[in-house]
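**Q** Provided below are the primary sequence and the corresponding predicted coordinates.
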Amino acid sequence: MENEAKKSNYSGPQRVFSGVQSTGNLHLGNYLGAIRNFVDLQQDYDCIYCVVDMHAITAWQDPEELTKNTRATTAGYIACGIDPEQHIVFNQSAVSAHAELAWIFNCVARMGWLNRMTQFKDKAGRHKENASVGLFVYPNLMAADILAYKATHVPVGEDQKQHLELSRDIAQKFNNDFNVPAFFPLPEPLILGLATRVMSLRDGTAKMSKSEKSEYSRINLKDDADTIAKKIRKARTDPDPLPDNVAGLKDRPEADNLVGIYAALAKMTKKEVIERFAGAQFSTFKPELAELSVSVLAPIGEEMAKLMADPGYIDNVLRQGAERARAIADPIMAEVKKVVGFII
Ligand code: TYM
């Protein structure tokens with residue numbers, strides 16, 4: 001394990017939890033920053049991987065699209081190598097513990113804490129008064145997702161680090177407020193691998209994201225080989241050849257991003273990539289990157305398409321996953337209610 005977990009005084013079972021929103025298409029950033037690590041963690045942990053449809057509706061979603069996207073995200077998990085037999089895959093809204101615990105955490109978290117969340121500021125932008133209340137308390141629901149299972153380890157991309165810190169603060173405050181030391185673990189973020197923040201192919205200073213308008217800003221996991229190659233070909237670059245050392249990527253965000261993507265896909269270090277392509281023009285580097293990307297990603301897209309052709313199978317995976325998730329979360333919720341003083 002690259003990030004050895006820091007020890008807390010929590011002595012319960014070690015458990016991995018993470019989630020991906022069912023909005024838009026899964027992209028290369030989701031894969032390299034999160035889902036590929038979800039796959040690797042299956043070796044060493046009991047894992048719970050959630051499709052967070054309740055987080056998705058913090059911004060309005062067309063109901064039919066939401067259903068489709070929840071299935072597509074599930075298909076993406078499985079196509080990338082998550083095993084829904086060995087581990088748990090389900091959609092958030094199917095397990096009521098998430099909403100119940102989120103309400104309790106709404107009463108534990110402080111306004112000041114949420115006011116500091118940069119993702120809310122980014123997403124709400126200048127129209128803060130018009131943002132949904134759900135978007136504001138989004139991190140409390142995220143804490144509830146994790147702690148409804150007393151999960152100890154949470155693999156995420158770099159952009160979720162602040163939310164994870166808030167989850168730890170909520171867990172700690174709950175334990176203190178109710179005088180139940182170590183009741184909730186302080187969940188440990190696992191920000192793993194070489195591409196914890198993949199940038200847009202159109203702008204090396206902006207994060208690759210589902211909400212960016214241009215399709216050319218991201219590679220979707222469901223893209224076919226031609227589309228992947230075309231997007232790499234059209235990726236923005238600067239006019240200089242690649243440098244002969246990693247320091248030479250400084251102040252060249254697009255070059256740095258493409259080298260980082262190559263490194264992550266090839267499981268090499270950036271230094272190794274730079275050594276291989278020192279002095280090369282992008283006209284040489286891009287076809288190599290396209291070939292590598294197609295070899296890793298196109299089979300995932302093909303598998304997703306096959307899975308999506310059988311929505312009955314996907315829905316069954318989610319249903320069975322939700323049942324197994326409830327079996328863990330419900331007894332924890334019963335304990336939480338007792339701690340809070342609710343009659344059950
Ligand atoms: P979401 O759906 O925005 O993204 C899912 C995962 O993908 C990572 N990610 C990236 N990593 C690297 N580069 C990028 N450009 C990039 N874009 C996205 C994210 O960091 C994330 O790990 N709030 C979460 C979902 C969530 C969750 C949770 C995660 C809800 N409850 C509980 C962990 C635990 C989100 O919106 O992720």
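**A** Nice, thanks for sending it over. Numbers count the residues shown, from 1 in each chain.
**Q** Now the phi/psi pair for residue 52, please.
**A** phi -90, psi 80 (degrees, to the nearest 10).
**Q** mind checking the longest helix of this structure?
**A** helix 311-340 (DSSP state H).
**Q** same question for that helix, mean pLDDT?
**A** For helix 311-340, mean pLDDT rounds to 98.
**Q** For it, buried residues please.
**A** 313-314, 317-318, 321-322, 324-326, 328-329, 332-333, 336, 339 (16 or more other C-beta atoms under 10 Å). Using the backbone N, CA and C atoms, a C-beta is placed for each residue, glycine as well.
**Q** repeat for stretch 206-225
**A** Across stretch 206-225, burial judged by 16+ other C-beta under 10 Å covers 207-210, 212, 216-223, 225.
**Q** Do any residues in it lie close to the ligand?
**A** Yes - in terms of C-beta under 6 Å from any ligand atom, part of stretch 206-225 sits within range of the ligand, namely 207-209.
**Q** Let me have those in CSV, adding secondary structure as columns.
**A** Formatted as CSV, those follow (DSSP: H, G, I helix; E, B strand; the rest coil):
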residue, secondary structure
207, strand
208, coil
209, coil
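**Q** Direction included, what does the helix or strand harbouring residue 49 pair up with?
**A** Residue 49 is part of strand 46-52 when elements are defined by DSSP states H and E. Partners of strand 46-52 in the sheet, by DSSP bridges, are strand 15-21 (parallel), strand 88-91 (parallel).
**Q** mind saving the C-alpha coords of it as PDB?
**A** The C-alpha coordinates for strand 46-52 follow below in PDB (Å, rounded to 0.1, in the frame of the first residue of the first chain):
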ATOM      1  CA  ASP A  46     -13.600  -5.500   2.200                       C
ATOM      2  CA  CYS A  47     -14.800  -2.800  -0.100                       C
ATOM      3  CA  ILE A  48     -18.100  -0.900  -0.600                       C
ATOM      4  CA  TYR A  49     -18.500   1.000  -3.800                       C
ATOM      5  CA  CYS A  50     -21.500   3.300  -4.100                       C
ATOM      6  CA  VAL A  51     -23.100   5.100  -7.000                       C
ATOM      7  CA  VAL A  52     -24.100   8.300  -5.300                       C
END
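**Q** what mean pLDDT does it have?
**A** For strand 46-52, the mean per-residue pLDDT is 98.
**Q** does the ligand sit close to it?
**A** Yes - applying C-beta under 6 Å from any ligand atom, one finds that strand 46-52 is in contact with the ligand at residue 52.
**Q** need the next SSE after that strand, C-terminal direction.
**A** helix 53-56.
**Q** if we can go back for a sec, I'd like the strands paired with strand 46-52 laid out as TSV, including mean neighbour count and distance to the ligand.
**A** Formatted as TSV, the strands paired with strand 46-52 follow (neighbours: other C-beta atoms under 10 Å; distance: least, C-beta to the nearest ligand atom, whole Å):
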stretch	mean neighbour count	distance to the ligand
strand 15-21	23	3
strand 88-91	25	12
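**Q** where along this protein do the helices fall?
**A** Along the chain, counting by DSSP H, helices occupy 28-30, 36-41, 53-56, 63-80, 97-106, 111-115, 118-124, 133-147, 161-177, 225-234, 253-266, 270-277, 282-308, 311-340.
**Q** The longest one to helix 133-147, inter-axis angle?
**A** Between helix 311-340 and helix 133-147, the angle comes out at 80 degrees (axes from the mean of the first three to the mean of the last three C-alpha atoms, to 10 degrees).
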